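Participant: okay, predicted coordinates and the sequence, questions at the end:
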Amino acid sequence: QKEVEQDPGPLSVPEGAIVSLNCTYSNSAFQYFMWYRQYSRKGPELLMYTYSSGNKEDGRFTAQVDKSSKYISLFIRDSQPSDSATYLCAMGQSGNTPLVFGKGTRLSVIA
Amino acid sequence: SQTIHQWPATLVQPVGSPLSLECTVEGTSNPNLYWYRQAAGRGLQLLFYSVGIGQISSEVPQNLSASRPQDRQFILSSKKLLLSDSGFYLCAWKGAKDQPQHFGDGTRLSIL
């Protein structure tokens, strides 16, 4: 079983739709969780960072962490064509251990 | 505020030539530094990381090496490039533990 599983998509939705992106993980030592957005030919950009179970909201984006189920989600409300990108989940353990990344989900929002 | 610089943005090199990619971070001290390669459909592959000057951990045996000559400088090198070294190379940094990584804009390397 891979440490982090993320559906690669592609996922195509109409403008204004609610988007749900998900990752599952197997390592219970993960303590903090991130979502990155990557546009074509650019580096990943940090979108959301959470350290505990529960929800964190930032504008149209909500990150959800369920440590008991080892499952994290990113919700995008009122999706826009500018949200079209690849979204990567990432997880970290305490200390200097490198982050573990999902392979990314490619999202297209169609106007 | 902290910024990360990575150059060049694109590079075309012949097989067998040497390589040097440089990454520098501003606005922080003693960061953890990382080199990744990203290939289509394979996600981010961690190549090297460093927790301090002169300290390099290699994740994948390959044709590449890394060095950290200064606190905020991280260099990716090769003596002889292979066709399989083509890809998108990303540098990243992290400050205090349990904090997220931040990425540069990457170098797209094409080997001919």
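Facilitator: Nice, I can see it.
Participant: okay, now B:G27: neighbour count?
Facilitator: Number of residues near B:G27 (other CB atoms under 10 Å in any protein chain shown) recorded here: 11. The way it works is simple: take the backbone N, C-alpha and C, and place the C-beta from them, glycine included.
Participant: tell me the pLDDT at the nearest residue to it once chain neighbours are set aside?
Facilitator: Closest residue to B:G27 apart from its sequence neighbours, by CB to CB, 6 or more residues apart in numbering or on different chains: B:Q2 at 3.8 Å. pLDDT, B:Q2: 82.
Participant: wait, isn't B:Q2 in contact with B:G95?
Facilitator: Yes - with contact defined as CB atoms under 8 Å, B:Q2 and B:G95 form a contacting pair (7.4 Å).
Participant: wait, A:V109 touches A:S84, no?
Facilitator: Yes - applying CB under 8 Å, one finds A:V109 in contact with A:S84, separated by 5.1 Å.
Participant: check which helix or strand the residue nearest to the spatial centre of chain B maps to.
Facilitator: Centroid-nearest residue in chain B: B:W35, 3.0 Å away (criterion: CA atoms, centre = their mean). Assigned by DSSP states H and E, B:W35 belongs to strand B:32-39.
Participant: before we move on, the earlier item: spit out the contact partners of the residue nearest to the centre of chain B.
Facilitator: Neighbouring residues of B:W35 by CB atoms under 8 Å, 6 or more residues apart in numbering or on different chains: B:C23, B:L46, B:L47, B:F48, B:Y49, B:A66, B:F74, B:L76, B:Y89, B:L90, B:C91.
Participant: count of neighbours near residue 12?
Facilitator: Going with chain A. 12.
Participant: not what I meant, chain B
Facilitator: Neighbours of B:V12 under the rule other CB under 10 Å: 10.
Participant: so what pairs up with it in the strands?
Facilitator: Note on B:V12: beta-bridge partners by DSSP bridges are B:S110.
Participant: what's the strand ranked longest in chain B in contact with?
Facilitator: Looking across chain B with DSSP state E, the single longest strand is strand B:43-52. Residues from elsewhere that reach strand B:43-52, judged by CB under 8 Å, 6+ apart: A:44, A:88, A:96, A:98, A:101-104, B:30, B:32-39, B:56-60, B:62, B:64-66, B:68, B:71, B:74, B:76, B:90.
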